[in-house]
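Enquirer: A structural model of the following input is requested.
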Amino acid sequence: MDRGVTVASSGIERWQLRRGDHIYAWRSSAAKTYSHHGIYESDKKVIHFANPAVQSSTGFSSTSAFTSSSFIFCWECRQSMHGGGVVSCCLDCFLEGDNLCLFAYGVPFWFYTASNIGHAVVRSRLTCHVTDEDPPEKVLERANHLLREGFGTYDLTVNNCFDFAFYCKTGGRIVTPARAVMIAVNPEPVQSNQTCMIL
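Expert: The predicted model follows:
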């Protein structure tokens, strides 16, 4: 697949990154493992959606509520990420010492199925998707627009960092059962060509 992404691994090297890539890093703690997603613009700028409830102004990990990480953010990133929401930081601060992974788009269905066994409903554990990606210029235009305007209220279940990165890459959202319930309760305009249903 693209730049060495395989069914067994989505890890890549920094030199392989391209502007507009959807990147992520696995975070681990004794209690759980999860991924944090963002859009790569340069080594100095990764745009991502951070949970304001766990965003720290102390310079410690933005995920410190979930992990024992004591990663210290650089001064510039600490200032720009204060308060959470859609924020930008350098690649080092985004990774927090974790491994760099590339989320693949436009993969064949067999690859998607083999890569995401057991994770189709848990969006934050997906490593690839069959949906085609938009050109990097469009991806970065969306990401920078949302950096200025926001991406709504952070919600771990239906509006998180994965949803942000997927929207930036495709212009659409994945509709999971949880999101389908939310849409039924509080309808929002959704065009059928802008959603992907995962059951």
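Enquirer: use CA for all of it now, contacts and neighbours both
Expert: Will do.
Enquirer: Point out the other helices and strands that the helix or strand where residue 113 lies packs with.
Expert: Taking DSSP states H and E as the criterion, residue 113 maps to helix 109-115. Under the contact criterion of 3 or more C-alpha pairs under 8 Å, 6 or more residues apart in numbering; DSSP states H and E, the helices and strands touching helix 109-115 comprise strand 128-129.
Enquirer: Tell me which helix or strand comes right after the strand it packs on.
Expert: Following strand 128-129 in sequence order, the next helix or strand is helix 136-149 (DSSP H and E).
Enquirer: residues of that following helix that come out buried?
Expert: Judged by neighbour count (16 or more other C-alpha atoms under 10 Å), helix 136-149 contains these buried residues: 136, 138-140, 142-144, 146-147.
Enquirer: residues making contact with stretch 33-46?
Expert: 17-28, 47-49, 88-92, 94, 124-125, 140, 143, 161-162, 164-165, 168 (C-alpha atoms under 8 Å, 6 or more residues apart in numbering).
Enquirer: Now with 7 Å, please.
Expert: Contacts with stretch 33-46, where a contact means C-alpha atoms under 7 Å, 6 or more residues apart in numbering, come from 19-28, 47-48, 88-91, 94, 124-125, 161-162, 165.
Enquirer: Show the residue spans covered by the strands in the chain.
Expert: According to DSSP state E, the chain carries its strands in the segments 22-28, 33-42, 45-50, 85-89, 101-102, 104-105, 128-129, 173-175, 195-197.
Enquirer: Residue 164 and residue 143: what is the separation?
Expert: Separation of residue 164 from residue 143 (C-alpha to C-alpha, to the nearest Å): 8 Å.
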